[in-house]
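> 3D, please:
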Amino acid sequence: MTPPADVETAVADAHRHGWALVLAATARVARDLDLAEECVQEAYAAALASWARDGIPSRPAAWLTTTAKRRAMDAMRREQTFRSKLPLLVVPEETEVEVPVDERAAVEPEDVVPDERLRLIFMCCHPALAQEAQLALTLRLVCGVTTTDIARAFLVSEPTMAARTTRAKKKISAARIPFRLPGASELPERLRAVLGVIHLLFTAGHTAPSGASLVRTDLVDRSLRLTRMLRELMPDEREVRGLLALLLVTDARRATRVDAAGRLLRLEDQDRSLWDRSAMAEAHDLIVDGLRGGRPGRYVLQAAIASLYAGAPTYDRTDWPQIVTLYDELLSVWPSPVVALNRTVAVSMVSGPAQALAEVAELEKDGRLAKYQYLPAIKADLLRRLGRSEEASIAYRQALELTGNDAEREFLAERLADPQHT
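Next up, the predicted model:
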């Protein structure tokens with residue numbers, strides 16, 4: 001017998017690292033996302049008892065995939081039997097036809113390869129689905145992000161996001177969207193959504209929407225692996241290289257974003273000597289390559305902005321005017337209110353906090369960022385710099401109410417306790 005604690009740890013680790021692989025392989029057999037998800041959940045539950053009795057397998061993902069596939073095949077066989085018997089309730093049938101089932105598809109563990117995740121992402125990003133549904137469905141199924149955290153990312157309520165995911169799964173089934181990697185001619189039309197999914201996955205890992213830790217390293221690492229796989233699949237796409245550069249240069253600061261006690265450190269307080277220079281150098285080469293040959297896209301521009309932040313010798317010596325210029329270009333290709341809000345930070349360093357605060361006020365009137373915790377957080381910081389402590393405290397409270405991550409909440413609480421702190 002394997003100790004229960006060891007089994008629970010192994011199952012949790014397999015869920016964290018293997019969920020997407022197991023689900024993708026099972027979905028290709030079940031050809032129904034709801035059935036596949038149900039069978040995978042049952043496989044993980046079965047692992048708790050089986051691994052305690054028989055020991056933890058050397059290849060947990062393969063064991064889980066085989067188990068989930070077999071359950072899917074059993075369910076499909078029961079459905080086939082039911083459908084073949086149903087006419088007998090009305091009109092007797094002399095013969096019964098049963099659709100053959102490919103048993104090899106249910107048991108071959110060799111299907112558990114990284115490409116399975118990319119296959120499922122491309123399937124979920126089918127153009128027949130609305131883009132927000134594509135992103136939400138992929139984050140939930142392929143990436144294992146909770147509906148609550150996805151709702152936070154999209155600035156909508158949890159029931160609204162759950163309904164979108166359900167509708168998307170039903171449409172995939174009704175439209176008979178194939179569970180396969182699209183052909184070469186189909187890839188470009190889905191690329192934008194795929195890039196968006198991976199970027200949102202990275203964002204959810206870089207700063208976890210909820211929980212005790214600031215960073216979810218499993219999501220960050222998964223997004224980097226997926227981007228590298230995508231680059232192998234589509235090596236000539238500039239935006240793929242741009243996304244990889246953005247993730248690399250942003251993640252280069254991972255080791256310095258919190259102190260030894262887990263408290264959040266602002267960019268200006270981080271030890272730049274500990275940043276991952278090899279990742280930054282790789283990102284720099286990708287950015288330079290992406291800026292050649294025509295107008296750059298959103299990910300190349302975001303990577304260039306992040307690289308300017310990272311490449312400055314100190315926070316105060318950051319090339320703020322150039323960052324504002326890049327944000328202006330980014331807004332022209334991606335007119336997002338979040339981009340406009342991020343731009344105000346650089347504006348405050350070039351034109352002063354009062355000018356930046358006026359732009360934040362315009363974004364407040366827009367209303368699309370009403371549930372976005374960083375708007376009141378940035379507003380509070382600008383008010384603090386202007387010496388308007390009482391107003392800053394109100395904004396810090398608003399940000400605190402919207403924030404789910406414990407490390408960020410602690411940081412905001414400290415600022416609220418002393419809004420004049422620099």
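> and Pro191, how far from Thr250?
No Pro there; residue 191 is Leu. 21 Å (Cβ to Cβ, to the nearest Å). Placement of C-beta: from N, CA and C, glycine included.
> higher neighbour count, those two?
Thr250 (21 against 18; other Cβ atoms under 10 Å).
> surely the more buried one is in a strand?
No: the assignment for Thr250 is helix, going by DSSP: H, G, I helix; E, B strand; the rest coil, so no strand is present there.
> can you count the residues close to Val288?
The burial count assigned to Val288 is 13, neighbours taken as other Cβ under 10 Å.
> show me where this structure dips below the pLDDT cut-off.
82-115, 178-181, 419-422 (pLDDT under 70).
> strands along that one, start to end?
210-211, 404-405 (DSSP state E).
> show me the contacts for the most centrally placed residue in the chain.
Centroid-nearest residue in the chain: Leu201, 1.2 Å away (criterion: Cα atoms, centre = their mean). Residues near Leu201 by Cβ atoms under 8 Å, 6 or more residues apart in numbering: 139, 143, 145, 219, 222-223, 226.
> what does Ala128 give?
Counting by Cβ under 8 Å, 6+ apart, Ala128 has contacts 171, 175, 177.
> relative to Glu329, how far out is Leu129?
Taken as Cβ to Cβ, the span from Leu129 to Glu329 is 30 Å.
> compare these two (neighbour count), which wins?
Applying other Cβ under 10 Å to Leu129 and Glu329 shows that Leu129 carries more neighbours, namely 23 against 16.
> next, give phi and psi for the more buried one.
Main-chain dihedrals, Leu129, degrees, to the nearest 10: phi -100, psi 150.
> with adjacent residues omitted, what lies nearest to it?
In space, and not counting its chain neighbours, Leu129 is closest to Ala168: 5.4 Å by Cβ to Cβ, 6 or more residues apart in numbering.
> show me the helices in the stretch 151-300 of the chain, by range?
158-174, 187-206, 217-233, 238-251, 277-291, 298-311 (DSSP state H, counting those that start in this stretch).
> any idea which of those is most buried?
Each of those was scored by mean neighbour count; the highest is helix 238-251, a mean of 25, by mean count of other Cβ atoms under 10 Å.
> give me the contact list for that helix.
Helix 238-251 has contacts (Cβ under 8 Å, 6+ apart) with 191, 195, 198-199, 202, 206, 220, 223-224, 227-228, 230-231, 234, 276, 279-280, 282-284, 286-287, 289-290, 293, 296-303, 306-307, 310.
> wait, Ala303 touches Gly290, no?
Yes: counting by Cβ atoms under 8 Å, Ala303 does reach Gly290; the two are 7.2 Å apart.
> distance check, the closest residue to Leu264 other than its chain neighbours against Ala380.
Spatial nearest neighbour of Leu264, excluding adjacent residues (Cβ to Cβ, 6+ apart): Phe411 at 4.2 Å. For Phe411, the distance to Ala380 (Cβ to Cβ) stands at 11 Å.
> and Thr147, by the same measure?
Relative to Ala380, and taking Cβ to Cβ, Thr147 is found at 29 Å.
> for Thr203, same thing?
Thr203 is 22 Å from Ala380, by Cβ to Cβ.
> likewise for Tyr374?
Tyr374 is 10 Å from Ala380, where distance means Cβ to Cβ.
> what do these two both touch?
Residues touching both Tyr374 and Ala380 (Cβ under 8 Å, 6+ apart): Ala399.
> ranges for the helices of the stretch 1-150 of the chain?
Ranges of helices in the stretch 1-150 of the chain, per DSSP H, counting those that start in this stretch, are 4-30, 33-54, 60-85, 103-107, 115-124, 131-141, 147-154.
> follow-up on the earlier one: more crowded one of Thr147 and Ala380?
Ala380 (25 against 17).
> which one is the more buried one nearest to, not counting chain neighbours?
Excluding its sequence neighbours, the residue lying closest to Ala380 (Cβ to Cβ, 6+ apart) is Ala395, at 3.5 Å.
> wait, what's in contact with that neighbour?
Taking Cβ under 8 Å, 6+ apart, we find Ala395 in contact with 376-377, 379-380, 383.
> check Val347 too.
324, 355-356, 359.
> the residue nearest to Leu129 and Met161: what is the separation?
Going from Ala168 to Met161 by Cβ to Cβ gives 11 Å.
> wait, Leu301 sits on Ile323?
No: checked against Cβ under 8 Å, the pair Leu301 and Ile323 is beyond contact range at 10.8 Å.
> ok, now which ones touch the spatially closest residue to Ile323 that is not a sequence neighbour?
Excluding the flanking residues, the one nearest Ile323 by Cβ to Cβ, 6+ apart is Ala346, at 4.3 Å. Ala346 is in contact with 320, 323-324, 327, counting by Cβ under 8 Å, 6+ apart.
> please repeat the previous calculation with a cut-off of 6 Å.
Counting by Cβ atoms under 6 Å, 6 or more residues apart in numbering, Ala346 touches 320, 323-324.
> what's the distance between it and Ser389?
Distance of Ala346 to Ser389, computed by Cβ to Cβ: 24 Å.
> so which pair among the contacts of Leu201 is furthest apart in space?
The distance between the two most remote of these (Cβ to Cβ) is 13.4 Å, for Val145 and Leu226.
> what is the neighbour count of Glu390?
Neighbours around Glu390, by other Cβ under 10 Å: 8.
> tell me how far it lies from Glu362.
Per Cβ to Cβ, Glu390 is found 22 Å from Glu362.
> please apply the same query to Leu141.
Leu141 is 37 Å from Glu362, where distance means Cβ to Cβ.
> which one's more surrounded, the two?
Leu141 (25 against 11).
> not counting sequence-adjacent ones, nearest residue to that one?
Nearest one to Leu141, counting by Cβ to Cβ, 6+ apart, is Leu23 at 6.1 Å.
> would you agree the one you found is in contact with Val40?
Yes: counting by Cβ atoms under 6 Å, Leu23 does reach Val40; the two are 5.1 Å apart.
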